[in-house]
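Enquirer: Take a look and give me a structure for this.
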Amino acid sequence: MQENPLISIGVPTYNRPEGLRRTLECITSQSYKKLEIIISDNASGNDLVREVVSDFQKNDPRIIFFSQPQGIGIVNNFHFVLRKATGKYFIWAADDDEWQGTNFLGTLLKHADSNVLVFPDAGLVNDKNESEYPLRNYEKCESNVDYTKVFCSGGVGYPFYGLYNLQLFNDLGLEFKWDGDLSYFQEGIFLHKLFLKGPAKYVKEARIKFSTSSNKPSYDMLLNDFLEYFRRTIQIYTVSDLPPVTKAEVMDVIFSNYTSYLRNLVENNGKDQYSKRIDGMTRIRKAIKVLISGNIN
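Expert: Okay, the predicted model is just below:
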């Protein structure tokens, strides 16, 4: 590994000055110091955001601040900070999540030279201050197929907030492209493609505390988006280069877990909405029929 490589940190933000302050406290207190910290405010129209950034810039010249003159959308704001990065490694830092400990980056960096993505454990904190740890199943993974199967068995998008080896990422022909037309599961297809290529590594010694109190999509949006995400996922593995036996195993994991999720989604969210429940079940049957027939275009 290059000695003390530069890590670029992208911080897309919008109208959350206190969350941004906590995030910058986590970043600037890291024991690994060779950083560039790129903040893009997505036209918040809130002077407090600029004041928070100014407070930190006074003592930290590594901070680069951009204020968008008009809203560019969440996805474009994430891409903006990435395009401004000049480091060998890159990581996004959301403005309402917290890195745990001052050696968070140093711990990830130990594994970054040989992996396209090194991602931390996720501590999910809900409104009742209860914590969950949904990524622990990655602990026994040793190959990209292992990571693929675990992600297919109950994939949540938290690995997205790991440390990327940009050179290896480009060498593998990967793209920072996710499904912006979906309001939910946007990063799913991106992560499927990344885990298929590999190598990736889960590092349980590093952790981000994620807030789960953000607004959730409506039932209709969640159902429609997941059906489309399901279709796209099957399509990716259908055309993948996985050996036939492995492909069959992965497909089995996907069908088992994704259909179960759809069933629970309809039963739990549509329980008191009879027409929506019937409509949801009809869509499930239609989707599964299309997927099994192989007519997925």
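
Enquirer: Helices of the stretch 1-150 of the chain, residue ranges please.
Expert: 17-28, 47-57, 74-83, 104-109, 144-154 (DSSP state H, counting those that start in this stretch).

Enquirer: Can you point out the buried residues in the biggest strand by length in the chain?
Expert: Secondary structure of the chain per DSSP state E: the longest strand is strand 200-211. Neighbour-count burial for strand 200-211 flags 200-203, 206-210 (criterion: 16 or more other CB atoms under 10 Å). (Each C-beta comes from the backbone N, C-alpha and C, glycine too.)

Enquirer: Most widely separated two among those?
Expert: Spatial extent of the buried residues of strand 200-211 (CB to CB) is set by the pair A200 and K209 at 21.4 Å.

Enquirer: ok, back up a step: most packed of the helices of the stretch 1-150 of the chain?
Expert: helix 104-109 (a mean of 22; mean count of other CB atoms under 10 Å).

Enquirer: which residues of this protein score low on pLDDT?
Expert: 1-2, 127, 129-130, 212-216, 269-297 (pLDDT under 70).

Enquirer: And the residue nearest the centre of it?
Expert: Among the residues of the chain, the one closest to the centroid is F160, at 2.9 Å (CA atoms, centre = their mean).

Enquirer: domain ranges for the protein?
Expert: The chain breaks down into these domains under automatic domain parsing: 7-211, 219-293.

Enquirer: Deepest-packed of those domains, please.
Expert: domain 7-211 (a mean of 18).

Enquirer: now do the same end-to-end measure for that domain.
Expert: 24 Å (CA to CA, to the nearest Å).

Enquirer: I'd guessed V156 sits against P134; true?
Expert: Yes: using CB atoms under 8 Å, V156 is in contact with P134, at 5.3 Å.

Enquirer: okay, and the common contacts of the two?
Expert: Counting by CB atoms under 8 Å, 6 or more residues apart in numbering, the contacts common to V156 and P134 are A122.

Enquirer: The longest helix seen in the chain relative to helix 144-154, how many degrees between them?
Expert: Secondary structure of the chain per DSSP state H: the longest helix is helix 244-269. When axes from the mean of the first three to the mean of the last three CA atoms, to 10 degrees is applied, the directions of helix 244-269 and helix 144-154 differ by 20 degrees.

Enquirer: Can you name every helix or strand that helix 244-269 contacts?
Expert: The contact analysis (3 or more CB pairs under 8 Å, 6 or more residues apart in numbering; DSSP states H and E) places helix 244-269 against helix 144-154, helix 219-238, helix 274-293.

Enquirer: mind redoing it with 10 Å?
Expert: For helix 244-269, the packing partners by 3 or more CB pairs under 10 Å, 6 or more residues apart in numbering; DSSP states H and E come out as helix 144-154, helix 188-197, helix 219-238, helix 274-293.

Enquirer: can I get the helices of the stretch 1-150 of the chain in TSV with distance to L117?
Expert: Formatted as TSV, the helices of the stretch 1-150 of the chain follow (distance: least, CB to CB, whole Å):
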stretch	distance to L117
helix 17-28	19
helix 47-57	27
helix 74-83	14
helix 104-109	10
helix 144-154	9
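
Enquirer: Could you say which one of those helices comes nearest to A93?
Expert: helix 17-28 (5.4 Å).

Enquirer: Quick one: distance of the closest one to the chain centre.
Expert: Relative to the centre of its chain, helix 17-28 is centred 19 Å away, using CA atoms, centre = their mean, to the nearest Å.

Enquirer: Specify the angle between that helix and helix 47-57 in degrees.
Expert: Using the same axes, to 10 degrees: helix 17-28 against helix 47-57 is 20 degrees.

Enquirer: packing partners for helix 17-28?
Expert: Looks like helix 17-28 contacts strand 7-13, strand 35-41, helix 47-57, strand 63-67, strand 98-99, helix 104-109, strand 200-211 (3+ CB pairs under 10 Å, 6+ apart).
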